[in-house]
Structure formats: C-alpha cells, structure tokens
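Enquirer: coordinates for the following, if possible.
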Amino acid sequence: MSAAASKGFFQAYDDVWLIDGLRTPMADYCGAYSHISPTDLGIKAARAVLRRSGVPAADIDSVISGSMAPGDCYQYMLARHIGLYAGVPLTVPALNVQRICGTGFELFRQAGDQIALGYADTVLVVGTESMTRNPIAAFGHRGGFKLGAQVGFEDFLWEALTDPAPGITMPQTAENLARQYGITRAEVDKYAALSHARALDARNAGFHAGETVAVANEVFTLDGYADRRILLSGALTELAQDTHPRISPPSVLATLRPLYPHGVQTGGNSCALADGAAAAIVSSGAYAMAGGHRPQARIVAAAVVGVPPEVMGIGPAPAIRLLLDRCGLGVPQIGLFEINEAQGAQVIAVERELKLDRDRLNIHGGAIALGHPLAATGVRLTITLARALDLRRQRYGVAAACIGGGQGIALLLENPRWRQLQNDGA
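Expert: Presented below is the predicted three-dimensional model:
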C-alpha cells in the first residue's frame, strides 16, 4: 500500500519535545504484578518521571493516559486518578484514549496536538496495562440468568485475540503475512532469538536500567482521599528488571509446537504476555527552555493509517511511508527504527516491505523478549528510541506499531544533540 493511496492522518509539529520518559520493569503474565491495578502501575511510572525530569507536578497542564483492558472496576477514572495521585493539580483535566496496540503512540500524538493548538505547555502521558488482570466477562446477563440457558462468561484476553470481521486471530494475520512474504519458521525463530539476545545484551550493558524505575511495595497517599497501593505477588518486595528475556537459541525455539498446523508462529516467537507501565513528559520548546530542561527528543511528526484486518501486522509499513513522504525523508535517512514485535513474522514482513537494515531495527530487543503490555508499549518504544538515538549519535528515528483490526501508527523523532555529537566525534 503506497503512501499516496493512504487516507491516514498526518501531523507535523514544529515545537513539541519529549523531556523525559521512564517505565516500570515488564513482568510476565501472572507474575510480580498480578495483584496490581494498571492505575497503580501508571501512578508509579508517572511519579517517577516527574521526579527524575525535575518537572514539578504543578506545571502539568494535561494528563493523557491509555489502558486497553479493565484491570479493575474503576477503569473509567484511570487518567484522572493517575494525575491526582501523581500530584497534578485538581484543576488539570485528564483524558483516556485507546488505539489498541498503538495506544502508547496515540498518547504522544494527542499530546502534540494539545501543545500545537495551545491547550497545554506540558503534558503527562502514561500508558499502563495489566494483561494478567484482563477479566472473565459476561456481557449478556444484565436481564438475569434464564433457566436452562447457557451461561455466557468469556475470557476477555483470549477472545480479544480474535478479530471477528475476518474471523481470524492475531497470530493468523501473521501467518497470512508469512505466506505473502515467503517467511519461514526458521527465519522467525532466528529473529526471536536475536530479540532475546539483544535484550539481554542491553540489560547487561545497563541500557534498560536508564529507562526503568524499580517497583516496590508502596502506598500512594493523597490528602483527603483514599490511599492507593502497590503490593507485589508472593514474598517479592521489589522488581528491578524485566522478567521475560532469556537465552533462547533457535535450536530451542525450533522445538516449540506451532500455534497452527504448518504455521511459523509459536509461543516463543510471538510477543510475550506482560504487565507494565510507561510515562513521559511532553512539552513546548518554550517551557523546556524556561525550565532549563534538556529534552531527550523532538517529536517531529506522527502518522496513522488503515490496512486490511487480515494482514493487520503490515500496518507500520504504510504508516512509516506516509510519515517519511510527508516529512521529505527516506528510509536511508532514518538512523534507527523501533517497530513493535507483535509476532516475529509480522515484524519481518514490515522489514522486507520497507527494505530495512536489521542492524538499525530494535537494537535493544523488542516485545518478543520484553513483552507487550498493550497501551504501555508505544510509550516504551518511544522512550527507548530517544535514548538509543543519542547513544548511537543518530539524528532521526522512527517508532511504529501494527494495530489489531487493521491499522498502523508511526512517530518520527529527532535527536536534539545530533549536531553537537557530530562535532564532538569529528
């Protein structure tokens, strides 16, 4: 699908900046965060980024959050409660948004719009998700349980993996791409092994520690209101690093049974189920300058497109094409890419469609190794990209994701220190 054929959204921003971002460690499904509401994970990340950035909570003009599945009965108040318990003034409004797997990126897009339109100078964005606490739901019993009628409880997480429009699951959309692009099981396992290896290398080098705040048992207080708390599972009192990355050679991954007969996707080469939260401060240039802040990145532009639901995983490709075409850039000018690894075959298909250099793609590991807590992922990818651009002395980077139902979303970041780094390296 060419950018010219797309009817997607595109926005360019002249003066929107990522001041700082932090995330919690990603914890495996039914692991350390099993008893924790996504609201409380979001509060933890929000408090941490406000503290490290030096941005006073009183300076925040807007709170935008996202979380796909309800982790408790109070999802409606998610953004409001994150803002309040992070110390943001009572008078500051809050907004929940969702674009499924692209929710984290949508938070930055909405923040950019609010700043560009003059609604806000500083925006707190928080993506948070508990895959573990997805409910077992009943949607058809408000009128009662009829004698002899089937009781209609469903696993919200399991059922949400199916798109009822084409009648296939998310992994099956990746299988469609594998057939279309001639991707083999061995290639997908090799990619998954690389994701884990890169994540472990990044951990050992201390890279992930630079964007992660440890989560410990904690009480959040707010004068005049009920306390909120984090309580880790079992005897655990602190979680300081991601739990899923592990040594995963292709020979071991090859022993796993495919999800579908003769397919390429397995539990080992698909994104890990994980819980977590990520938060960032987005501001105008005037605010950053007045406060003496050194932003991590300039948010240059955002693009969102639609694609056929049965190949939803290709979504990043046309989103990135639209983004770059409208910005007057090409793939060779982009130093680094962060593309969500929903499934191994999916990200390989995007890689092939755009002719990407794998040495510039997900260089610190991706969701296969780290996990994909839906609404948190786009914030994590954006934070990681901003830091990696600085580390690799690159000017431009793109972060993107496919979206269930058939969409793609992408952000273009610019490293504000690029010229200085070039001069220093000369």
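Enquirer: Ala199 and Val49: what is the separation?
Expert: Between Ala199 and Val49 the distance is 22 Å, computed by CB to CB, to the nearest Å. From N, CA and C alone the C-beta is placed, and that goes for glycine too.
Enquirer: hey, where'd the helices end up in the stretch 51-200 of the chain?
Expert: Remark: helices assigned in the stretch 51-200 of the chain by DSSP state H, counting those that start in this stretch are 78-85, 103-116, 156-159, 170-181, 185-204.
Enquirer: same list, those, but as JSON lines with distance to Gly144 and mean pLDDT please.
Expert: Compiled in JSON lines, the helices of the stretch 51-200 of the chain are given as follows (distance: least, CB to CB, whole Å; pLDDT from 0 to 100):
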{"stretch": "helix 78-85", "distance to Gly144": "30", "mean pLDDT": "98"}
{"stretch": "helix 103-116", "distance to Gly144": "35", "mean pLDDT": "98"}
{"stretch": "helix 156-159", "distance to Gly144": "22", "mean pLDDT": "91"}
{"stretch": "helix 170-181", "distance to Gly144": "34", "mean pLDDT": "97"}
{"stretch": "helix 185-204", "distance to Gly144": "47", "mean pLDDT": "98"}
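Enquirer: out of those helices, which is closest to Arg133?
Expert: Taking CB to CB, helix 156-159 is the member of the helices of the stretch 51-200 of the chain nearest to Arg133, at 9.3 Å.
Enquirer: residues of the closest one that come out buried?
Expert: Of the residues in helix 156-159, those with enough neighbours to count as buried (16 or more other CB atoms under 10 Å) are 156-157.
Enquirer: quick check, Ile299 in a strand?
Expert: Yes: under the criterion used here (DSSP: H, G, I helix; E, B strand; the rest coil), Ile299 sits inside a strand.
Enquirer: any idea what the residue lying closest to it once chain neighbours are set aside is bridged to?
Expert: In space, not counting the residues next to it along the chain, Ile299 is nearest to Val16; the distance is 4.5 Å by CB to CB, 6 or more residues apart in numbering. Beta-bridge partners for Val16, by DSSP bridges, are Ser284.
Enquirer: thought Val16 was touching Ala111?
Expert: Yes: between Val16 and Ala111 a contact is recorded at 7.4 Å, counting by CB atoms under 8 Å.
Enquirer: between the two, which contacts overlap?
Expert: Residues touching both Val16 and Ala111 (CB atoms under 8 Å, 6 or more residues apart in numbering) are Val282.
Enquirer: tell me who's in contact with Ile314.
Expert: Counting by CB under 8 Å, 6+ apart, Ile314 makes contact with 1, 177, 307, 346, 349-350, 353, 402, 408.
Enquirer: how many residues are close by the closest residue to Ile230 other than its chain neighbours?
Expert: Setting aside the residues directly before and after it, Ile230 is nearest to Glu218 in space (CB to CB, 6+ apart), at 4.7 Å. A total of 15 residues lie near Glu218 under the criterion other CB atoms under 10 Å.
Enquirer: what of Val379?
Expert: What Val379 shows, counting by other CB under 10 Å, is a neighbour count of 32.
Enquirer: helix or strand right after the helix or strand it falls within?
Expert: Element membership for Val379 (DSSP states H and E) is helix 374-391. Counting by DSSP H and E, the element after helix 374-391 in chain order, helix or strand, is strand 396-403.
Enquirer: CA-only coordinates of that following strand, as CSV, when you get a sec.
Expert: What follows is the C-alpha trace of strand 396-403 in CSV, where atoms were taken according to Å, rounded to 0.1, in the frame of the first residue of the first chain:
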residue,chain,number,x,y,z
TYR,A,396,16.3,10.7,13.1
GLY,A,397,14.5,7.7,14.4
VAL,A,398,11.0,6.1,13.8
ALA,A,399,8.9,4.2,16.3
ALA,A,400,5.9,2.3,15.0
ALA,A,401,3.4,-0.5,15.7
CYS,A,402,0.7,-2.5,14.0
ILE,A,403,-2.8,-2.4,15.5
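Enquirer: strand partners of that strand, parallel vs antiparallel please.
Expert: Sheet pairing here is set by DSSP bridges, and for strand 396-403 it gives strand 336-339 (parallel), strand 407-414 (antiparallel).
Enquirer: now that strand: mean pLDDT?
Expert: If you average the pLDDT over strand 396-403, you get 98.
Enquirer: relative to helix 374-391, how tilted is it?
Expert: Between the direction of strand 396-403 and that of helix 374-391, the angle (axes from the mean of the first three to the mean of the last three CA atoms, to 10 degrees) works out to 160 degrees.
Enquirer: find the residue at the geometric middle of the chain.
Expert: The residue at the geometric middle of the chain, judged as the C-alpha nearest the mean C-alpha position with CA atoms, centre = their mean, is Thr377 (1.4 Å).
Enquirer: ok, that residue - contacts?
Expert: When contacts are taken as CB under 8 Å, 6+ apart, Thr377 is in contact with 101, 104, 127, 129, 340, 367, 401.
Enquirer: which residue ranges of the stretch 251-400 of the chain form strands?
Expert: With DSSP state E, counting those that start in this stretch applied, the stretch 251-400 of the chain shows strands at 274-284, 297-306, 336-339, 396-403, listed in chain order.
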